[in-house]
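**Student:** Quick one, fold the following:
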Amino acid sequence: MTIRIVRLGSPRLKEEGLRIGTVRRPPRGVPKSEFAAQDWYDLWYPNLAPSADLVKQAQGAKTPKEWAAFAKEYRAEMAMPDNARTLDLLAALSHQTNFSVGCYCQDEARCHRSVLRELLRERGARLQSET
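**Tutor:** This is a model prediction of the structure:
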C-alpha cells in the first residue's frame, strides 16, 4: 500500500486508488461531474494546498533561495494543527490502502507537492517511487 504523488490531469496509473486534489481551485472549464472521469481528482481537498498568497510566492520564485522561502512558509502552514493531523492521517492510511495526492503543476520540483512528499515521508508514509 502506498501514496503516489501525481500531476492532476495525468493518466491514472494501475492501482493508484483514490486521487485527492490538493489544489486551491478546481480545474477551469471542467464540469464537476467530469473531474474523476478526466483524471483530475476524485476528492478535492484544498486544505493541503498552499494559501493563495503562498501560491503567488511559489509562482514567482525564480531562485533556489526564493523557492526555499516558499517551502519554509508552506511547511509552517502544514504545521498548523488541522493540517498536521491530516498529514498524520494520510501517512497512517498509506500503510492500509493505495491512494494519490496531487497538483496541476508540470514540474514537481517547483510545486508544493514536492514539499508535501517530504512532509509525508517525515511522518512515515509509504510513498511510491517517483515515476
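**Student:** packing partners for the longest helix seen in the chain?
**Tutor:** Across the chain, the longest stretch assigned as helix under DSSP state H is helix 64-78. For helix 64-78, the packing partners by 3 or more CB pairs under 8 Å, 6 or more residues apart in numbering; DSSP states H and E come out as helix 52-60, helix 81-93, helix 112-122. C-beta coordinates here come from the backbone N, C-alpha and C atoms, glycine included.
**Student:** So which of the ones you listed is nearest Ile5?
**Tutor:** Comparison of the helices and strands packed on helix 64-78 against Ile5 by CB to CB identifies helix 112-122 as nearest, at 4.9 Å.
**Student:** got the CA coordinates for the closest one in PDB?
**Tutor:** Listed next in PDB are the C-alpha coordinates belonging to helix 112-122 (Å, rounded to 0.1, in the frame of the first residue of the first chain):
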ATOM      1  CA  HIS A 112       4.100  22.300  -3.400                       C
ATOM      2  CA  ARG A 113       3.600  18.600  -3.900                       C
ATOM      3  CA  SER A 114       7.400  18.100  -3.700                       C
ATOM      4  CA  VAL A 115       7.200  19.600  -0.100                       C
ATOM      5  CA  LEU A 116       4.100  17.600   0.500                       C
ATOM      6  CA  ARG A 117       6.100  14.400  -0.500                       C
ATOM      7  CA  GLU A 118       8.800  15.300   2.100                       C
ATOM      8  CA  LEU A 119       6.200  16.000   4.800                       C
ATOM      9  CA  LEU A 120       4.500  12.700   4.300                       C
ATOM     10  CA  ARG A 121       7.900  10.900   4.200                       C
ATOM     11  CA  GLU A 122       8.800  12.500   7.500                       C
END
